[in-house]
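**Student:** Any chance you could fold what I've pasted below:
(2 chains)
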Amino acid sequence: MTPENPSSSGSHNARVLLEVREVAKRFGAVEVLKRVSLQITAGEFLTLLGESGSGKTTLLRLIAGFEQPTSGGIWMDDERLDTLPPYKRRVYTVFQSYALFPHLSVRDNVSYGLEVSGTAKAEIPGRVADALRMVKMEEFAGQRPAKLSGGQQQRVALARALVNRPKLLLLDEPLSALDANLRKQMQGELKSLQRELGIAFLFVTHDQDEAMALSDRIALLRNGALEQIASPREIYAYPATSYTAQFIGQTNLLRTEVKGGVARWGSLQWGTLRADGSAIFSLRPESIHLHADGSMPASSVRFRATIRQQIFSGESEQLELDFEGHPLKVRLHTLGLLSGEQEFWFSPLDAVAVRD
Amino acid sequence: MYTRAYKTMIALPPMLWVALFLLLPYALMFAHSFWTVRDGVILHQWNVQNYVKLFQNPLYLDVLFRTMRIAASVTLLSLLLGYPLAYYMSFYAGARKEILYQLVIVPLWISYLVRGYAWKTILGSDGVLNGFLQYLHLTKEPVSFFLYSPFAVVLMLTHIYTPFVFLPLYASLEHIPRNLVEASHDLGAGSRATFLRVILPLSLPGLLAGTTFAFLLTLGDFLAPLLVGGPSSIMIANIVQSLFGTAYDWPLGAAISVCILLLTVSLLFLTERLEKRWAFR
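**Tutor:** Numbers count the residues shown, from 1 in each chain, chains lettered A, B, ... in the order given. Now for the predicted structure:
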C-alpha cells in the first residue's frame, strides 16, 4: 500500500475493509445502538464522534469483540467478524486507559501478541524493536509500565497493537488522558504514523477538534444512531442536520419560512431551492461579514445589527449580535474594537439548509 | 504542629502494650531456653543443653517434620480448593458473588472447637461417614483410619483454613483491572493463555498471603491433633504444650518455641521479599 496523497479521504484505496451492517445493541431495556451501518475502507482514518452515551465506544467494543451485537452483523474482508471471539479477530485495540500489563516490561508487553499467536521465536525480537522504534520508545524496553508517564504509556500501547500488523486499529479515546500540549503532539504523531503504515484507524473521541484534525472521514453518532458520515470539510461545510451543525464547529441556526423559492427570516429574505414550508439554515459565524470590510457580492443579504458583546481571541474577533431580537454569532478576521449598530452581510450560498 | 509531649503521650500506651505483652514474654522465653530444670525446679544456669537435646533426640525433629508436612498438605489443599473458587467468583459468578462470598465467610463465625467436634462426629467409627458407607454397603466394618490419623488433621485444618486462603486470593483477583483481560484477548490470547500469562501472575501477591496464612496457622495448631488426630499425628505445638504442662520442662519447651519462632520469622521475611518483588504498581 503506498500512501500517496493521503489527505484525499482514503481515495487511494477504496477497497472496503470493514463493514458494519444494521448493527443494534441493547443492554436490558436501553437501546445503545440503533441499526448502525457504516464501512471502513483500507487505510482510512475514520473517527466515531459523539457525546458520552452516543454509543461510539459500544460500536468499537462490538468490532473488537468485547460485546455481542443484538442484531446485525460485522464483516471484515468479507469474513464474518461478529461471530468470532475477540482473540480470533485480526483487529487490535488501543484502550482509553492503555491497559498495559503491569507485571511485564515494555518489551514483554509489546511481544505479548506475537507470543500468544505463535509467531516464530526468531522473528519476535526484531519486530518488537521495530515497533518500539516506531513510537520512539526503544530506550524504555526494559522498564515496567508504572515507571512511565502517561504519554509514554500511550506510545507503548500503540506499539503493542501495531506490532501485530493489524489491518484495522481501534482507538478508544486514546488521547483523553493526556494534557493539552502532549495531546496536540500525539495527534500529529498518530496521524503521520497512520499515513506511513497505511493501516485503517477507527478512532473514538468526543472532541470535535481532534476529529477534524485527524480524520479522513467523521461518523457522528447521536443517541445510538448515525447522524452523518462525511469528510471533515464536507461535514463542516454541509452539515445534514441542525445537531451536526451545532456539534461540529459553531453555527447560527436560522429558522425560516420558505414560500415560492424565497426564505424569510425576520425582515431578511433570500432565494432558495427549498420547497415551501419551514426550513432551518445553518450559517457559520465566519460567513457573516462586516459591510465596511470590502467587496460584497451582488446577491448578498445585508442587515444592520447591534453588537452585544465582543471577545478578542487572538486570531479573530468574536461578536455577539442582536438582530431583531435574535442572537447571532459572528467571527471577524479584521481586528479592532467595534460598538453600536453596524452593517453586516452574508451570502445566501453560505446559508446551508439542514434537517432538524 | 503537635508538641513532643503530646506525641509521646499518644505513643506511650501501645509501646507499653508491646513491651509488656510481646517483648517481655519473648525475652523470658529466650532466657528460659538457656536455663535448665532439675528435680522440678528451674535453675538459672546458662547452657545450651536444651538445643543439643532438641537436635539429638529424633522425636522432636520427627514431629517437627511431620508438622511441616501436615502444614504443607493443608496449604496445598486449601489452595486447590480456594483458588478455583476465588477465580470463579471473581470472574464468572456475576450477581451470585455476594451470596457466595457470605457462604465462604459464615464458617469463620463458628467456633473452632465446634467445627472440630463436628469433624469428630463425621469421621468417628460410628460417625456419619462410616454409617453412610455401610448403608451403601461399600464397607462392612467401620473404617477406623478416618479419625485419629494425620488424614483427619489435614482434613479438618483444610476445612478451617481454606477461607483464609480464599480471602486474600479473592481480593487480589478482584483488583485485576478487567480491561487487562480484554487487552489479552484482543492481542490474540485465549482463556488459558490469558489465565497463565495475566491473571495468575497478577494474583501472586494474594496467593502468597493465603499460603502464608495457611502454612503458619497450621504450623502452630495444637487443637486439631487433640480433637481428631490421635497419637500418630502429634504436632510440634502439642509437644510444647506438654513440656510446659505435665512434663514441666519449661526450658526445653522454650527452646522448641524459639526454633518455631525463628522458622516463622524467616518464612515471613521470605514472603515479604517475594511480595515486594511481585508488587507491580
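**Student:** In terms of pLDDT, where does residue 104 sit?
**Tutor:** Just so you know, I chose chain A. Reading off the confidence values, A:L104 has pLDDT 95.
**Student:** nope, chain B
**Tutor:** Per-residue confidence (pLDDT) for B:V104: 90.
**Student:** that's a helix at A:M296, yeah?
**Tutor:** No - going by DSSP: H, G, I helix; E, B strand; the rest coil, the assignment for A:M296 is coil, not a helix.
**Student:** What is the burial count for it?
**Tutor:** For A:M296, the count of nearby residues is 15 (other Cβ atoms under 10 Å in any protein chain shown). Yep, even glycine has a C-beta here, placed from its N, CA and C like the rest.
**Student:** ok, now how distant is it from A:K329?
**Tutor:** Separation of A:M296 from A:K329 (Cβ to Cβ, to the nearest Å) stands at 20 Å.
**Student:** ok, now A:V354?
**Tutor:** Look at A:V354 and A:K329: by Cβ to Cβ, they are 16 Å apart.
**Student:** Comparing the two, which residue is more hemmed in?
**Tutor:** Neighbour tally, A:V354 and A:K329, criterion other Cβ under 10 Å: the higher count belongs to A:V354, 22 against 17.
**Student:** what secondary structure does that one sit in?
**Tutor:** strand.
**Student:** okay, now B:Y92: neighbour count?
**Tutor:** For B:Y92, using other Cβ under 10 Å, the count is 9.
**Student:** elements contacting the top helix by length along chain B?
**Tutor:** Longest helix in chain B by number of residues, with DSSP state H as the criterion: helix B:58-91. For helix B:58-91, the elements it packs on are helix B:49-56, helix B:97-105, helix B:150-174, helix B:204-219, helix B:236-244, judged by 3 or more Cβ pairs under 8 Å, 6 or more residues apart in numbering or on different chains; DSSP states H and E.
**Student:** wait, which of those is closest to B:K120?
**Tutor:** Proximity to B:K120 (Cβ to Cβ) singles out helix B:150-174 among the helices and strands packed on helix B:58-91, at 8.5 Å.
**Student:** Report how many residues lie close to the residue of the stretch 1-150 of chain B found nearest chain A.
**Tutor:** Residue of the stretch 1-150 of chain B nearest chain A, by Cβ to the nearest Cβ: B:A95 (13.2 Å). For B:A95, the number of neighbouring residues by other Cβ under 10 Å comes to 6.
**Student:** which SS class is it?
**Tutor:** Look at B:A95: counting by three-state DSSP, its state is helix.
**Student:** what's it in contact with, if anything?
**Tutor:** By Cβ atoms under 8 Å, 6 or more residues apart in numbering or on different chains, no residues touch B:A95.
**Student:** Could you report the pLDDT at it?
**Tutor:** In the predicted model, B:A95 carries a pLDDT score of 88.
**Student:** Could you do A:G10 as well?
**Tutor:** 41.
**Student:** now do A:V23
**Tutor:** 95.
**Student:** how about the residue most central in space within chain A, what does it touch?
**Tutor:** Nearest to the mean C-alpha position of chain A, by Cα atoms, centre = their mean, lies A:A211 at 2.8 Å. Residues counted as contacts of A:A211 (Cβ under 8 Å, 6+ apart) are A:47, A:49, A:203, A:205, A:218, A:232, A:248.
**Student:** Just among those, which is most surrounded?
**Tutor:** That'd be A:L49 among the contacts of A:A211, by other Cβ under 10 Å, with 29 neighbours.
**Student:** what sits against A:P297?
**Tutor:** Going by Cβ under 8 Å, 6+ apart, A:P297 touches A:S347.
**Student:** ok, B:W278 to B:V181 distance?
**Tutor:** From B:W278 over to B:V181 the distance is 19 Å, taken as Cβ to Cβ.
**Student:** swap in B:S149?
**Tutor:** Distance, B:S149 to B:V181, using Cβ to Cβ: 43 Å.
**Student:** which bits of the stretch 151-281 of chain B sit near chain A?
**Tutor:** Residues of the stretch 151-281 of chain B lying near chain A by Cβ under 8 Å from any Cβ of the partner chain: B:177, B:179-180, B:182-190, B:193, B:197-198, B:201-202, B:278, B:280-281.
**Student:** coming back round to it: the residue nearest to the centre of chain A is in what secondary structure piece?
**Tutor:** helix A:208-214 (DSSP states H and E).
**Student:** right, and the helix or strand after that helix?
**Tutor:** Where DSSP H and E defines the elements, the next helix or strand beyond helix A:208-214 is strand A:217-222.
**Student:** Now do that next one, average pLDDT.
**Tutor:** Mean per-residue pLDDT for strand A:217-222: 96.
**Student:** re the thing from before, pLDDT on the helix holding A:A211, on average?
**Tutor:** Helix A:208-214 shows a mean pLDDT of 93.
**Student:** Just the CA atoms from it would do, formatted as PDB, please.
**Tutor:** Written as PDB, here are the backbone C-alpha positions of helix A:208-214 (Å, rounded to 0.1, in the frame of the first residue of the first chain):
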ATOM      1  CA  GLN A 208     -14.700  17.600  17.600                       C
ATOM      2  CA  ASP A 209     -11.400  19.500  17.100                       C
ATOM      3  CA  GLU A 210      -9.500  16.200  17.400                       C
ATOM      4  CA  ALA A 211     -11.900  14.600  14.900                       C
ATOM      5  CA  MET A 212     -11.500  17.400  12.400                       C
ATOM      6  CA  ALA A 213      -7.700  17.400  12.700                       C
ATOM      7  CA  LEU A 214      -7.100  13.700  12.300                       C
END
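**Student:** No further queries at this time; thank you.
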